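Q: Got a predicted structure plus its sequence, pasted below:
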Amino acid sequence: MKIVNPASLAPLALLFCAGAALAAAGTTAAGTTAGETVGATADRLIEFTILDQFDAEHTEADFAGKVMVVFWGDREGNEPIERWDRTLRRKLKRELAAGTVDLRTVAHTQGAPGFIKGMIKSSFSDDPEAWALMDWDGVFAAAYAPVEKQCNILVFGRQGALLTQVATTKLEQAVLDEVLAAVRQGLAGDEAPGQPSRPVQSNG
């Protein structure tokens, strides 16, 4: 199943997401350096009700019993997200086909004026199976404080525990190993609180 990623965003929508949307409410973690911990306030998948680009409603219940991998990023983080999405789909091909793992993009569109919302939505895939969450209220940014200008990857276990949260500017083997280890941990049902830590991998 093809899942949309932010590479499909039109240039104007990307500029908006990178500018006014990310600045809204100061919800992202800026100025971090290598080794710092992401300033997340939630350690589980939050309760949410968010529409996709087709205005279909989704909640956390959509992912019950699955390991959920979330990509979040602004314009500068878009390129590594595309590479990460492609790599993880190859590595997790069997799990995705079996429905035990889901990869989704959360589009941080907080603060978008009404006249641009249609343009943002239309820039995503027109395949109903390839839906992405249009986070107009910035609920994911408020809960997990993702790092701007980087590819943010969050892995949630079958029961909703946040197993790892990393931010990176490129595809690195060490970070890939950490993400895949978190996916395996979730598939095994190991969701002990507090593991692992959530470092920012700043490569820039």
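A: That came through fine. Predicted model only: the values in this text are computed from it and were never measured.
Q: going forward, measure contacts between C-alpha atoms and count neighbours the same way
A: Fine.
Q: how much space between the most centrally placed residue in the chain and Val147?
A: Centroid check for the chain by Cα atoms, centre = their mean gives Phe71 as the closest residue, at 2.3 Å. In this structure, Phe71 and Val147 are 12 Å apart, going by Cα to Cα, to the nearest Å.
Q: Tell me where this protein has helices.
A: Counting by DSSP state H, the chain has helices at residues 11-16, 22-23, 78-91, 93-98, 114-122, 139-144, 173-187.
Q: so which of those gets nearest Ile46?
A: Taking Cα to Cα as the criterion, helix 139-144 is the member of the helices of the chain that comes nearest to Ile46, at 7.6 Å.
Q: Only the buried residues of that closest one, if you could.
A: The neighbour-count check on helix 139-144 (16 or more other Cα atoms under 10 Å) flags 139-144 as buried.
Q: quick one: furthest residue from the center of the chain?
A: Within the chain, the residue lying farthest from the chain centre (Cα atoms, centre = their mean) is Phe115, at 25.1 Å.
Q: Quick check: that residue vs Ser122, distance?
A: If you go by Cα to Cα, the gap between Phe115 and Ser122 works out to 12 Å.
Q: do Val69 as well
A: As judged by Cα to Cα, Val69 and Ser122 stand 23 Å apart.
Q: So between those two, which is more surrounded?
A: Val69 (23 against 15; other Cα atoms under 10 Å).
Q: Might you report the residue contacts of that one?
A: By Cα atoms under 8 Å, 6 or more residues apart in numbering, Val69 lies in contact with 101-104, 153-156.
Q: which of these count as buried?
A: The neighbour-count test (16+ other Cα under 10 Å) applied to these identifies 101-104, 153-156 as buried.
Q: Strands of this protein, start to end?
A: Taking DSSP state E as the criterion, the chain carries its strands at 49-51, 57-59, 67-72, 101-108, 133-135, 151-156, 162-168.
Q: any chance of those strands in TSV, with mean pLDDT too?
A: What follows is the strands of the chain, written out as TSV (pLDDT from 0 to 100):
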stretch	mean pLDDT
strand 49-51	96
strand 57-59	97
strand 67-72	96
strand 101-108	91
strand 133-135	91
strand 151-156	95
strand 162-168	95
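Q: would you turn those strands into JSON lines with distance to Leu88?
A: Conversion of those to JSON lines gives the following (distance: least, Cα to Cα, whole Å):
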{"stretch": "strand 49-51", "distance to Leu88": "24"}
{"stretch": "strand 57-59", "distance to Leu88": "23"}
{"stretch": "strand 67-72", "distance to Leu88": "9"}
{"stretch": "strand 101-108", "distance to Leu88": "9"}
{"stretch": "strand 133-135", "distance to Leu88": "19"}
{"stretch": "strand 151-156", "distance to Leu88": "11"}
{"stretch": "strand 162-168", "distance to Leu88": "14"}
